[in-house]
Every structure is written in structure tokens, then in C-alpha cells.
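Chemist: When you get a sec, could you give me coordinates for this:
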Amino acid sequence: MVGWRSNIKRDYYFKCQNGQSYGRMSIEIWAGGLTPEMAFSLESFANPGGSRNLEFDPSK
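Modeler: A predicted model of the protein is given here:
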């Protein structure tokens, strides 16, 4: 099969409907190859303070 991969990772950036919160969502999906098993990982970050800055601040 042309273009077949056993995993995929995508990042999405979003703004909430009220425009006051920004965030990022990372989704990764792994296929089991010849077996029907599958797994996924979902990680999200949001900044409800109204800033578009999504960097981690270890001091907080």
C-alpha cells in the first residue's frame, strides 16, 4: 500500500468560542500492523488567561 504508516502525530491549535482561551492539542495514533490492535495518546495545553503563549512556566 503506497503511503502506509503505522503511526501518525498531529498538532492542532485552537481558540475557544469566547476568544479568551487559547490552546494546543497533540494527538498520536499507533496501529498494530498485522494485528487489529490500536492505541492513541492525547495531550492538551490551554491558557485561560487570554494570552496566546502556550509555553510551560516551571515557576508557577
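Chemist: So which elements touch the helix or strand containing Y12?
Modeler: Using DSSP states H and E, the element containing Y12 is strand 7-15. For strand 7-15, the elements it packs on are strand 22-31, judged by 3 or more Cβ pairs under 8 Å, 6 or more residues apart in numbering; DSSP states H and E. In this view, the C-beta of every residue, glycine as well, is placed from N, C-alpha and C.
Chemist: Now the strand it packs on: average pLDDT?
Modeler: The average pLDDT for strand 22-31 rounds to 90.
Chemist: Show residues contacting the helix or strand following that strand.
Modeler: Following strand 22-31 in sequence order, the next helix or strand is strand 38-47 (DSSP H and E). Residues external to strand 38-47 that are found in contact with it (Cβ atoms under 8 Å, 6 or more residues apart in numbering): 21-32, 53-54, 56.
Chemist: what about this structure, any weak spots by pLDDT?
Modeler: By pLDDT under 70, the weakly predicted segments of the chain are 1-2, 33-35, 57-58, 60.
Chemist: If we use 80, what do you get?
Modeler: Scanning the chain for pLDDT under 80 picks out 1-5, 17-19, 32-36, 49-51, 54-60.
Chemist: in the protein, which residue is closest to the centre?
Modeler: The C-alpha lying nearest the average C-alpha coordinate of the chain belongs to S26 (Cα atoms, centre = their mean; 1.2 Å).
Chemist: Could you check how far the closest residue in space to it that isn't next to it in sequence is from W4?
Modeler: Using Cβ to Cβ, 6 or more residues apart in numbering and skipping residues adjacent in sequence, the residue nearest S26 is E43, 4.6 Å away. For E43, the distance to W4 under the criterion Cβ to Cβ, to the nearest Å works out to 25 Å.
Chemist: higher neighbour count, those two?
Modeler: Legend: neighbour count by other Cβ atoms under 10 Å for E43 and W4, higher for E43 (10 against 7).
Chemist: The more buried one and D11, how far apart?
Modeler: Computed with Cβ to Cβ, the distance linking E43 and D11 is 9 Å.
Chemist: overlap in contacts of the two?
Modeler: Counting by Cβ under 8 Å, 6+ apart, the contacts common to E43 and D11 are 25-26.
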